[in-house]
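Enquirer: no sequence for this one, just the structure:
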């Protein structure tokens with residue numbers, strides 16, 4: 001009888017120790033997943049099946065580390081490539097603009113002045129499109145962590161509506177700001193927020209034919225911003241496509257790279273928020289949702 005008790009005791013102790021080792025493996029895997037450490041998984045128990053499991057897990061970890069390292073190298077390569085291409089484009093553009101300025105100072109007929117003005121506009125548009133393109137790929141490759149700080153969204157939106165008001169007015173468009181009475185303050189990255197608002201303003205200015213309404217409000221955990229205006233779109237049009245890279249309704253792409261709204265969504269997601277578009281009764285609405293509190297990175 002006592003032998004049976006001893007055997008049962010030994011088995012129970014082994015099971016308890018086995019469970020402890022499994023928990024130890026779990027904690028190590030979790031630490032690797034959360035990037036608290038990058039060490040291979042270790043096992044203190046001589047168990048054939050568990051040793052096989054740990055061996056295969058470590059093999060997967062090594063493959064993941066190699067893939068991650070290759071990804072970093074590719075990101076660095078593309079970053080350098082984009083930087084070089086950017087320089088190659090900017091140099092001749094700067095030269096062209098310089099010669100255009102010299103020509104503008106010389107004696108020109110009215111017809112020549114008009115042609116020079118058209119050429120200058122095309123060069124400026126090209127420069128703007130290239131800047132947007134390089135900015136997007138920079139944001140995509142860098143994935144920089146946002147810098148948290150107090151941002152007053154009511155002040156920020158009022159500033160941009162006021163600064164763009166004259167440009168909308170010149171197109172015969174009235175832009176209105178529907179705001180709550182209370183102050184709307186969030187903890188977020190002000191520079192990224194400014195870029196989001198600026199891109200939405202520019203998109204509305206370029207594509208709106210009728211009045212534009214900007215609204216914002218705050219709930220317990222989120223701040224919401226909407227830009228809406230009347231549009232004429234096909235019945236089967238999917239507004240979410242507007243956030244796709246290089247997508248544009250205007251296929252001629254005279255002044256639109258199709259990247260402005262893609263940058264908006266990318267920055268919103270970087271801030272832990274979201275960007276969506278909906279169409280209801282021929283009214284297109286861009287809806288931006290931002291977290292009131294941005295987690296500070298240490």
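Expert: That came through fine. Since we're looking at a predicted model, the values are computed, not measured.

Enquirer: CA only for contacts and neighbour counts going forward, please
Expert: Will do.

Enquirer: could you report the pLDDT at residue 158?
Expert: Per-residue pLDDT puts residue 158 at 93.

Enquirer: quick one: contacts for it?
Expert: residue 177 (Cα atoms under 8 Å, 6 or more residues apart in numbering).

Enquirer: can you pull up the most central residue in the chain?
Expert: Nearest residue to the geometric centre of the chain (Cα atoms, centre = their mean): residue 266, 1.5 Å.

Enquirer: what about it, is that helix, strand or coil?
Expert: helix (DSSP: H, G, I helix; E, B strand; the rest coil).

Enquirer: show me where the stretch 51-200 of the chain has helices.
Expert: Residue ranges of the helices in the stretch 51-200 of the chain, as given by DSSP state H, counting those that start in this stretch, are 110-142, 153-170, 190-207.

Enquirer: export those as TSV, with columns for distance to residue 286.
Expert: Formatted as TSV, those follow (distance: least, Cα to Cα, whole Å):
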stretch	distance to residue 286
helix 110-142	19
helix 153-170	15
helix 190-207	8
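
Enquirer: to residue 90, which of those lies closest?
Expert: helix 110-142 (7.9 Å; Cα to Cα).

Enquirer: one step back: from residue 237, how far off is the residue nearest to the centre of the chain?
Expert: 22 Å (Cα to Cα, to the nearest Å).

Enquirer: give me the low-pLDDT residue ranges for the stretch 51-200 of the chain?
Expert: 75, 78-79, 135-144 (pLDDT under 70).

Enquirer: try 50 this time
Expert: Nowhere does the stretch 51-200 of the chain drop to pLDDT under 50.

Enquirer: the strands in the protein, which residues?
Expert: Using DSSP state E, the strands of the chain run over residues 149-152, 175-178, 185-188, 212-218, 222-230, 274-280, 283-291.

Enquirer: need the ones you listed in a markdown table (columns: distance to residue 205 and mean neighbour count).
Expert: Rendered in a markdown table, the data for these read as follows (distance: least, Cα to Cα, whole Å; neighbours: other Cα atoms under 10 Å):
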| stretch | distance to residue 205 | mean neighbour count |
| --- | --- | --- |
| strand 149-152 | 24 | 15 |
| strand 175-178 | 10 | 16 |
| strand 185-188 | 26 | 20 |
| strand 212-218 | 9 | 19 |
| strand 222-230 | 11 | 19 |
| strand 274-280 | 17 | 17 |
| strand 283-291 | 14 | 20 |
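
Enquirer: what's the closest of those strands to residue 109?
Expert: strand 175-178 (39.4 Å).

Enquirer: what's the spacing between that closest one and its chain's center?
Expert: 26 Å (Cα atoms, centre = their mean, to the nearest Å).
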